[in-house]
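[1] Structure for the following, please:
(one chain, ligands or ions: 1)
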Amino acid sequence: MFAATKFTPTPRKLRREKTTLSSNSDCDKEPVHVYCRLRPLSENNEATPCVKLLSHQELSLMYESKGIRKEIRYKFKHIFTAYSTQKEIFDHVAYPLLEDLMKGKNALLFTYGVTGSGKTYTLTGEQNNPGIMPRCIDTIFNSVGEFQAPKFVIKSDKMNGFEVQTEDDAMQDRMTEVRAKSKTPKSARKVNGDRLGDRFSYANNGMKIPLLNENSLYAVFVSYIEIYNNTVYDLLDEPTGKSLQNKILREDSQKNMYVNGVVEIEVKSAQEAFEIFNAGQKRKRMGCTALNAESSRSHSIFNIRVVQLEQIMWSNGKPTVPDRNLITVGQLSLVDLAGSERTSRTQNTGTRLKEASSINNSLMTLRTCFEILRENQRSKGNKMVPYRDSRLTYLFKSYFEGEGSVQMIVCVNPSFDDCDENMHVMKFAEMSQDVKIVKSESKNIMKKTITRNQTPAKVKIGGFTILPDIPIGKFDIENIEEIGTYIEKVGRALKQRKAKSKTVDKEIKEASDDFRKRLVELNQESVLSKTEIRSFKQVIHKQRQKTQNLEIKIKDLETVNADQASKNDELQDVIRSLHNIINEKDLKLNQNILEKEKTKQKIALASEKMSQELDAKLRKQREHLNAAMKAKDVQLRKVREILNTETIVATVETPAETENPLMQTPKSNIDHLHRRNMASSTPRRRRSRSVGDVWLEHNSVKPVPLGTVLQPTMKKRKSVTKLTKASDITNVKQSKYCLLAQEQDIDGEVETKLYKADIVPTCGGGAQVIFNDVERLRQESPTS
Ligand SMILES: Nc1ncnc2c1ncn2[C@@H]1O[C@H](COP(=O)(O)OP(=O)(O)OP(=O)(O)O)[C@@H](O)[C@H]1O
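    Model prediction:
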């Protein structure tokens, strides 16, 4: 039964799907590199593009919103213009990935963009203008050249691992392949190996990657799969019937995703690789849409794996695979994503519509995964990344969660028709640049090569064929017959010895060969063991160094800790003394508060006493003043009574005064009576009872001239328009007050009112205004 060691590439740390948290520090990570490629505008497009290049790393996208032209800026690692060549893109983006690949590192490169934006053109290119993939193949084969391992020494186990077998076994496999080929009719020779009928080629770019280790042999493997309507198909698989069988995705023991049972072909030349790619390309689902005559309807993934077999022995210019060797595997996945498309633009229906919705769904999941990864990395969160929502993201999980470089080329058609979709693409691209991926490390794995029929070399010690002895006879020297018989015996023995000596020689030669072989084996084993020991020693040395560093760090930390502890003690002392000071201050403060309280109480008592005394004094003074006021009021009343009596007397007794046209308002009932008596005999006249008085005439507004016959007599008067201060009234010279008011009645006639009053001084030094008369002067038109 076939027996071989299995190798699974680059073991990575165990990862949980749910988390992005790993022990890797940020310096072990690098962001997703995002490049942008602008394609030339197609001839039937408008002359002005919707993209303006600002620098090699920045562009602005013009768009219209509510009739207003706006622009948004986006930044990329590098922007390739419509004039950039395929070679420039390869040199800038893919060549560094190939350098890593040859060192056993992993990388994922994918093109992303709107349908028809140039993703396939960038990745595959055209026969006379090859894209990234053919250039990669050429560069790999130019580099490995004569350092290729004989075919089938390394074999894919179709489970993401490799088997290493001896040259003899590899030779047997090669013979089987030749026999199988000769039996297969030419028409049926499709993918595996010979595709002579399909001479698909690209011009060799002549580029090389300097090899690090010339004691290594290399084997290049390719596989080609597509994800169509969220189902995985192997494009290099033989179709069962008309269609390809769908494949399932699996995780290997190292938690790396792989396509179960995928056909992985060892290719020995670039030409062979192109033919295999071309065969797969023919099976890839393409379709004609309104936006692209050759639109990819699926996501396609072309995998290149370079396996490096180290510690090869060279004898007579030929490599020999030893029993044990170091093996390194690097993987480059070139992914041509199907383009996002809006049904409103493509007007797809039926199958195309289903394809479009599946494409858009998987791209949406890719965006969501990136968003959550970024969010988790930013907030150190642990949100579930929905890799399993789409086969595309599930397959790439190893890259996003594990190790490797992830690079994206965003393809942009700068037509205004694509503007809206380009905006979404660029938004995603910009966001992706924030996602960080753990850098890939090349790792060597020690592998033992086991032959299928392993029979360890045996060293023959002893047990050689024994030569017959030469008989020693006793005979009589004179007896010739006895001598003859003895000679015959010796001759026979010699003959036998001679016959057997060849066998013995052969046996000795075999034994010495075995011994030499065993010695070589032991030597090889000791060399390998020495290498192993050396590598173990290196590991131990590194570990020791790490331990020493850690010990130094621990010591440093302990010192820092001790310093901190002493500082802490000092600070505690300071805190304690501060507490004491605070307590003392608190005590003083409390005493002060107590004293203040006492003083307040004293003041309150004193002020209460004083206010009581003042109240008593005030009460006495008030009583005293009230008594004085009452006495004065009595006196005043008496004076007023006397004055009133004098006025009546004066009005009755002075005849001359009856002719006086002065109007005087009667004050008492007596005066009224008197006036009524006079009305029948004398014309209605009024006069002031105090001709000599000084009037304070208060005209708030300038009065309309009266123009009447009867005029108020105020010989001595002081006219004011406003009473502004108390002295206007209290002036002792003024004894009369007259307020003049005019108003118009409904007929437009003016009525003048004179409100007359006495100004009586009060005992407090003020004055009382006592109104006692109103004179109305009213003019009436004879017609009214
Ligand atoms: N940089 C370029 N220079 C010249 N022609 C280009 C360029 N990019 C794309 N094209 C042309 O544009 C057309 C569409 O390109 P391509 O098929 O690569 O688009 P795509 O993004 O892969 O589309 P889909 O997502 O539909 O598969 C092709 O005819 C291609 O030759």
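
[2] Please make it C-alpha for all contacts and neighbour counts, starting now.
    OK.

[3] Tell me which stretches of the stretch 551-700 of the chain form strands.
    Listed in chain order, the strands of the stretch 551-700 of the chain (DSSP state E, counting those that start in this stretch) span 694-699.

[4] so where's it uncertain?
    Scanning the stretch 551-700 of the chain for pLDDT under 70 picks out 646-691.

[5] swap the cut-off to 90 and go again
    Along the stretch 551-700 of the chain, segments meeting pLDDT under 90 span 633-700.

[6] can you pull out the helices in it?
    669-681 (DSSP state H, counting those that start in this stretch).

[7] For it, which residue gets nearest to the ligand?
    Lys553 (53.9 Å; Cα to the nearest ligand atom).

[8] tally of neighbours for that residue?
    12 (other Cα atoms under 10 Å).

[9] How about the residue in the stretch 301-450 of the chain that the ligand sits nearest to: what's its closest non-neighbour residue?
    Going by Cα to the nearest ligand atom, the ligand is nearest to Gly339 of the stretch 301-450 of the chain, at 3.3 Å. Leaving aside its chain neighbours, Gly339 sits nearest to Thr115 (4.0 Å; criterion: Cα to Cα, 6 or more residues apart in numbering).

[10] That neighbour and the ligand: what is the separation?
    Distance of Thr115 to the ligand, given as Cα to the nearest ligand atom, to the nearest Å: 4 Å.

[11] Break this structure down into its domains, please.
    Domain ranges of the chain: 5-448, 456-653, 661-778, per automatic domain parsing.

[12] Least confident of those, on average?
    Among the domains of the chain, domain 661-778 carries the lowest mean pLDDT, a mean of 72.

[13] How about the contacts made by Glu749?
    Glu749 is in contact with 778-781, counting by Cα atoms under 8 Å, 6 or more residues apart in numbering.

[14] What are the phi and psi values at it?
    phi -80, psi 150 (degrees, to the nearest 10).

[15] distance of it from Glu743?
    8 Å (Cα to Cα, to the nearest Å).

[16] All the strands of the stretch 401-550 of the chain, in order from the start?
    According to DSSP E, counting those that start in this stretch, the strands that the stretch 401-550 of the chain contains are 405-412, 436-438, 445-448.

[17] tell me the most buried of those?
    Of the strands of the stretch 401-550 of the chain, the one with the most neighbours on average (mean count of other Cα atoms under 10 Å) is strand 405-412, at a mean of 25.

[18] Using PDB, write down the CA coordinates of that one.
    Once non-C-alpha atoms are left out, strand 405-412 reads as follows in PDB (Å, rounded to 0.1, in the frame of the first residue of the first chain):
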ATOM      1  CA  SER A 405      -1.000  39.500   2.700                       C
ATOM      2  CA  VAL A 406      -4.300  40.700   1.300                       C
ATOM      3  CA  GLN A 407      -4.200  43.100  -1.700                       C
ATOM      4  CA  MET A 408      -7.000  44.500  -3.700                       C
ATOM      5  CA  ILE A 409      -7.100  46.200  -7.100                       C
ATOM      6  CA  VAL A 410     -10.200  48.400  -7.400                       C
ATOM      7  CA  CYS A 411     -11.000  48.700 -11.100                       C
ATOM      8  CA  VAL A 412     -12.900  51.900 -12.100                       C
END
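
[19] Tell me which other helices or strands it touches.
    Under the contact criterion of 3 or more Cα pairs under 8 Å, 6 or more residues apart in numbering; DSSP states H and E, strand 405-412 touches strand 33-38, strand 107-113, helix 391-401, helix 419-432, strand 436-438.

[20] hey, where'd the helices end up in the stretch 201-350 of the chain?
    270-283, 343-346, 350-379.

[21] quick one on the thing from earlier: got the strands of the stretch 401-550 of the chain as TSV, with distance to His56 columns?
    Output for the strands of the stretch 401-550 of the chain, formatted as TSV (distance: least, Cα to Cα, whole Å):
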stretch	distance to His56
strand 405-412	14
strand 436-438	23
strand 445-448	42
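
[22] Out of these, which gets nearest to Asp728?
    Among these, the nearest to Asp728 by Cα to Cα is strand 436-438 (94.6 Å).

[23] correct me, but the residue nearest to Gly339 touches Ser295?
    Yes. Counting by Cα atoms under 8 Å, Thr115 does reach Ser295; the two are 7.1 Å apart.

[24] how close does Lys502 get to Gln496?
    10 Å.

[25] and Phe80, what does it touch?
    35-38, 56, 89.

[26] Next: Leu363.
    Ser340.

[27] so how far is Leu589 from it?
    In terms of Cα to Cα, Leu363 sits 73 Å off from Leu589.

[28] Go ahead and produce PDB holding the CA coordinates of stretch 579-597.
    Written as PDB, here are the backbone C-alpha positions of stretch 579-597 (Å, rounded to 0.1, in the frame of the first residue of the first chain):
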ATOM      1  CA  HIS A 579      -4.700  64.100  56.900                       C
ATOM      2  CA  ASN A 580      -3.300  65.300  60.300                       C
ATOM      3  CA  ILE A 581      -3.100  68.900  59.000                       C
ATOM      4  CA  ILE A 582      -6.600  68.600  57.700                       C
ATOM      5  CA  ASN A 583      -7.800  67.300  61.000                       C
ATOM      6  CA  GLU A 584      -6.100  70.200  62.900                       C
ATOM      7  CA  LYS A 585      -7.600  72.700  60.500                       C
ATOM      8  CA  ASP A 586     -11.000  71.100  60.800                       C
ATOM      9  CA  LEU A 587     -10.700  71.400  64.600                       C
ATOM     10  CA  LYS A 588      -9.800  75.100  64.300                       C
ATOM     11  CA  LEU A 589     -12.500  75.600  61.900                       C
ATOM     12  CA  ASN A 590     -15.000  74.100  64.200                       C
ATOM     13  CA  GLN A 591     -13.800  76.300  67.100                       C
ATOM     14  CA  ASN A 592     -14.100  79.400  64.900                       C
ATOM     15  CA  ILE A 593     -17.600  78.300  63.900                       C
ATOM     16  CA  LEU A 594     -18.500  77.900  67.600                       C
ATOM     17  CA  GLU A 595     -17.100  81.300  68.500                       C
ATOM     18  CA  LYS A 596     -18.900  82.900  65.600                       C
ATOM     19  CA  GLU A 597     -22.200  81.300  66.700                       C
END
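
[29] Buried residues, it. List them.
    Residues of stretch 579-597 include none that count as buried (16 or more other Cα atoms under 10 Å).

[30] The residue nearest to Ser362 when sequence neighbours are not counted - how many residues pack around it?
    In this structure, Ser362 finds its nearest non-sequential neighbour in Ser390, 5.6 Å apart by Cα to Cα, 6+ apart. Other residues within reach of Ser390 by the criterion other Cα under 10 Å amount to 20.

[31] Next: Ala726.
    Neighbours of Ala726 (other Cα under 10 Å): 10.

[32] cool, Ile89 as well?
    Other residues close to Ile89 by other Cα under 10 Å number 20.

[33] do Asn772 as well
    13.

[34] and it, what element?
    For Asn772, the host element (DSSP states H and E) is strand 767-778.
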